[in-house]
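In: Give me coordinates for this.
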Amino acid sequence: MLENFVAVSGTRVAFLSDLIRGSGLRIKNPVDRLYSQHGFLFPTEVNSFNVVAYLNGDKSMEVANEGVIKGLMLRHDGQLDEWVRGDNNAASLPRMIKRVMPWGEGVVFARSNSMTLEESLTAALDVHDDNLELAVALTKETLRHGPSQIHIMNIPDILVELNKRFPLKGKGK
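Out: Numbering: from 1, shown residues only. I've put the predicted structure just below:
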């Protein structure tokens with residue numbers, strides 16, 4: 001799989017932490033770099049960190065194609081937001097659009113800017129009764145896979161670590 005993706009099954013998530021360029025080459029990126037004051041970033045394309053810059057108030061990100069999924073951000077409160085590059089209206093600055101995504105018992109989905117990868121993962125999840133490990137393994141067999149490690153983590157564990165690293169001000173007092 002030479003594309004970034006996010007696949008959720010219940011409270012578990014599979015993703016690449018490396019950022020995959022259009023050429024298939026990767027930018028090595030350890031999981032620890034995905035934690036920020038805004039949440040945990042699941043990258044879906046090479047410029048996914050623009051989501052963090054945008055949330056920090058920087059609206060000068062590069063102009064990319066409309067509709068590109070930049071990344072999913074798991075917030076401190078557990079809400080999972082998908083950030084998409086919005087319209088490129090010349091009269092305004094590039095903008096991002098937030099979509100709230102579900103997770104939890106019974107929720108299963110895959111997201112990627114590659115429709116082939118997204119559909120393959122979705123079908124593999126269906127075939128394997130929503131088992132992330134088996135779905136990822138099947139998808140790796142059918143699509144090219146580069147050297148990037150695929151991480152499978154528990155969303156509640158990510159939230160615990162996120163709140164340790166970046167405690168919200170005024171929380172726990």
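In: Let me see the ranges of the helices in the chain.
Out: 50-55, 115-127, 132-142, 155-165 (DSSP state H).
In: Any buried residues in the shortest one, and which?
Out: Using 16 or more other CB atoms under 10 Å as the burial criterion, the residues of helix 50-55 that qualify are N50, V51, V52, Y54, L55. C-beta: built from backbone N, CA, C; applies to glycine.
In: I'd like to know which elements it is packed against.
Out: strand 69-74, strand 96-101 (3 or more CB pairs under 8 Å, 6 or more residues apart in numbering; DSSP states H and E).
In: Let me know the closest of the buried residues of helix 50-55 to T122.
Out: Of all the buried residues of helix 50-55, T122 sits closest to V51, with 23.0 Å by CB to CB.
In: Report the central residue of this structure.
Out: By CA atoms, centre = their mean, the chain has its centre lying nearest to F42, at 2.7 Å.
In: how about it, what does it touch?
Out: V6, V13, F15, L34, G71, L72, M73, L74 (CB atoms under 8 Å, 6 or more residues apart in numbering).
In: now swap in P102 and tell me
Out: L80, F109.
In: Kindly report the same for L80.
Out: Contacts of L80 (CB under 8 Å, 6+ apart): V8, L72, M73, L74, V100, M101, P102, W103, I155.
In: Check the residues you listed against S148 and report the nearest one.
Out: L72 (17.2 Å).
In: Pairing partners for that closest one in the sheet, please.
Out: Judged by DSSP bridges, the bridge partners of L72 are F42, E82.
In: That one and M101 touch, don't they?
Out: Yes. When contacts are counted by CB atoms under 8 Å, L72 is listed as touching M101 (6.4 Å).
In: for the contacts of F42, which one is nearest R85?
Out: R85 has its nearest neighbour among those in G71, at 10.6 Å by CB to CB.
In: Spit out the contact partners of the closest one.
Out: For G71, the contact set (CB under 8 Å, 6+ apart) comprises L41, F42, P43, T44, E45, S48, F49, V51, E82, W83.
In: which of the residues you listed are the two that sit furthest away from each other?
Out: F49 and E82 (15.5 Å).
In: could I get the contacts of L80 as TSV with distance to E133 and pLDDT?
Out: Output for these, formatted as TSV (distance: CB to CB, whole Å; pLDDT from 0 to 100):
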residue	distance to E133	pLDDT
V8	14	98
L72	20	95
M73	24	97
L74	20	98
V100	27	96
M101	21	96
P102	21	96
W103	17	97
I155	16	98
